[in-house]
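**Q** Fold the following for me, if possible:
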Amino acid sequence: MKVQVLCVQPAIGHNTHEVLVSVGTDTHKFIFTTEVNQVGTHLVQTTRGDSLRDSCASRTFSEVFRLNQRVAMNVTNLVVKCYNHETINLPADVGILVTPETALSKQKQFENSGLADTDSQQSKAVDRETRQRAIAIVEKLYHVR
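**A** Next up, the predicted model:
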């Protein structure tokens, strides 16, 4: 099903946006909250979507897009652009929502092969080499003091 963002507008709450999304013939309203936190010397902006608290929506943003993370990311990116006062053109196509059956059928199957044995042998060799390097570094640091 085709997914479009129809409207992104500031909501009543601080740093929130109300987003109207069409999924096929259904429409959903979600509220997005953006927070900016300082981590060390950097500002980190996070934006998350949820259903409107006062609506009778039975499914949250994460439930609707649970198996369609790329579509969810595209919706969130539009909200981020709006939050940052960038121009967005609406309605905006953000992807195709696939059914759970389709999503599961597209997953790659794990194949059990002889590679697992080779990988474990190689990792043991790498572990030994890494251990020897670490010991050499510690010894150098100890002798510097």
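**Q** Backbone torsions only: list them for Thr41.
**A** phi -100, psi 10 (degrees, to the nearest 10).
**Q** As a check, name the ranges of all helices in this protein.
**A** 61-64, 69-83, 100-105, 115-144 (DSSP state H).
**Q** so where is this structure shaky, pLDDT-wise?
**A** 51-58, 108-126, 142-145 (pLDDT under 70).
**Q** rewinding a little: can you tell me which of the helices of the chain comes nearest to Ala92?
**A** Nearest to Ala92 among those is helix 69-83 (6.0 Å), distances taken as Cβ to Cβ. For the C-beta atoms, the positions are set from N, CA and C on the backbone; glycine is no exception.
**Q** Pull the distance from that closest one to the chain's centre.
**A** Distance, stretch centre to chain centre, for helix 69-83: 10 Å (Cα atoms, centre = their mean, to the nearest Å).
**Q** can you offset everything so residue one is 9?
**A** OK, 9 is where the count begins now, so the last one is helix 77-91.
**Q** Check which helices and strands that helix sits against.
**A** Under the contact criterion of 3 or more Cβ pairs under 8 Å, 6 or more residues apart in numbering; DSSP states H and E, helix 77-91 touches strand 10-18, strand 24-31, strand 34-47, strand 50-59, helix 69-72, strand 100-104.
**Q** tell me the angle of that helix relative to strand 34-47?
**A** Helix 77-91 and strand 34-47 are oriented at 70 degrees to each other (axes from the mean of the first three to the mean of the last three Cα atoms, to 10 degrees).
**Q** Turn the helices and strands packed on helix 77-91 into JSON lines, columns for mean neighbour count and distance to Arg141.
**A** Formatted as JSON lines, the helices and strands packed on helix 77-91 follow (neighbours: other Cβ atoms under 10 Å; distance: least, Cβ to Cβ, whole Å):
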{"stretch": "strand 10-18", "mean neighbour count": "16", "distance to Arg141": "49"}
{"stretch": "strand 24-31", "mean neighbour count": "19", "distance to Arg141": "50"}
{"stretch": "strand 34-47", "mean neighbour count": "15", "distance to Arg141": "31"}
{"stretch": "strand 50-59", "mean neighbour count": "14", "distance to Arg141": "31"}
{"stretch": "helix 69-72", "mean neighbour count": "17", "distance to Arg141": "43"}
{"stretch": "strand 100-104", "mean neighbour count": "16", "distance to Arg141": "45"}
